[in-house]
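Peer 1: have a look at this fold, sequence not included:
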């Protein structure tokens, strides 16, 4: 019997459908590349390497970390073959705030498939002691009494730390001046020196300066208190509904087979729950955040809604 072109199509489709579970069960059959759009040695890089070691143990195949810092790394991953052998570490910055504020971005969130959450790294709002505030309540009172007198720094216009302070001033009815920096390190140095007065920064970065009294902790951005600094209140305790969490998650190129995505997600979640992974993260102020693909997608929708509102309200665009 000769098959029509339509017949060949259905035979091909049936063969693919029949082989999909087998392919997922056998995955991976070779090394998996993990794109990390951060420099080697950065907190995000060490996160991927720790997870990668566990996945390699589970799979019996190498997990190769490929550092491609910045936007080029995300673009490369977006264009990779969607066969499950390329994964990428995305973040709130790369998957939410950058697409909202950068019109020339060479990739879009739709170019990726959510796999699993990885870690959250709650930032903390700290102040130079010279402004004489020790709590969020006191900060709001001073800011309202002197509109525009206080300033805050960030690692760049349109970046997450900038948007977080714009959200804070919007929710509290205050006005402060933004001072952008090219990176977090110089921002912290000038904050300690008193050239700027406030700023959101990663807990572990400013922890020594909080202990020495050079910086005053006011509140963490996560909705709950951070395990690394349990005595410091969450900003949401004073400003209900406020949330700003630095997060990292694992993605695959769009159209990666769902069975493969589910397998990777399950194994990543398993890895994040192992004590020898969770404990080192805790010492760095990071908290494991394992999620299903659906849970990660829902989290991103909520995060996008929160930041798109403030971007539109404040007309925050980076050309």
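Peer 2: Cool, got the structure. This one's a predicted model, so the numbers in the text were calculated from it and none came from an experiment. Residues are numbered from 1 along each chain as shown.

Peer 1: please name the residues that touch the closest residue to residue 29 other than its chain neighbours.
Peer 2: Counting by Cβ to Cβ, 6 or more residues apart in numbering, the nearest residue to residue 29 once its immediate chain neighbours are dropped is residue 61, at 7.4 Å. For glycine as for every other residue, the C-beta is placed from the backbone atoms N, C-alpha and C. Contact criterion Cβ atoms under 8 Å, 6 or more residues apart in numbering gives 28-32 as the residues in contact with residue 61.

Peer 1: tell me the buried residues within those residues.
Peer 2: By the neighbour-count criterion of 16 or more other Cβ atoms under 10 Å, the contacts of residue 61 include these buried positions: 28, 32.

Peer 1: out of the contacts of residue 61, which are inside strands?
Peer 2: The subset of the contacts of residue 61 located in strands under the criterion DSSP state E comprises residue 32.

Peer 1: helices and strands of this structure: which one has the lowest mean pLDDT?
Peer 2: Ranking every helix and strand in the chain by mean pLDDT, DSSP states H and E puts helix 5-26 at the bottom, with a mean of 47.

Peer 1: over to residue 251. Which of the three states is it?
Peer 2: Assigned by DSSP: H, G, I helix; E, B strand; the rest coil, the conformation of residue 251 is strand.

Peer 1: surely it is in contact with residue 80?
Peer 2: No: between residue 251 and residue 80 there is no contact under Cβ atoms under 8 Å: 10.8 Å.

Peer 1: give me the more crowded residue out of these two.
Peer 2: When neighbours are counted by other Cβ atoms under 10 Å, residue 251 and residue 80 differ, and residue 251 comes out ahead with 28 against 18.

Peer 1: for the more buried one, which non-adjacent residue is closest in space?
Peer 2: The spatially closest residue to residue 251, leaving aside those adjacent along the chain, is residue 112, at 4.1 Å (Cβ to Cβ, 6+ apart).

Peer 1: for residue 106, same thing?
Peer 2: The spatial neighbour of residue 106 that comes closest, neighbours along the chain excluded (Cβ to Cβ, 6+ apart), is residue 75 at 4.7 Å.

Peer 1: okay, the one you found: pLDDT?
Peer 2: In this model, residue 75 is scored at 98, pLDDT.

Peer 1: pLDDT of the helix or strand hosting residue 206, averaged?
Peer 2: Counting by DSSP states H and E, the element that carries residue 206 is helix 203-211. Helix 203-211 shows an average pLDDT of 94 in the prediction.

Peer 1: what helices or strands is that helix leaning on?
Peer 2: Using 3 or more Cβ pairs under 8 Å, 6 or more residues apart in numbering; DSSP states H and E, the elements in contact with helix 203-211 are strand 123-127, helix 184-193, strand 216-220.

Peer 1: ok now it, how far from the chain's centre?
Peer 2: 20 Å (Cα atoms, centre = their mean, to the nearest Å).

Peer 1: thank you, goodbye.
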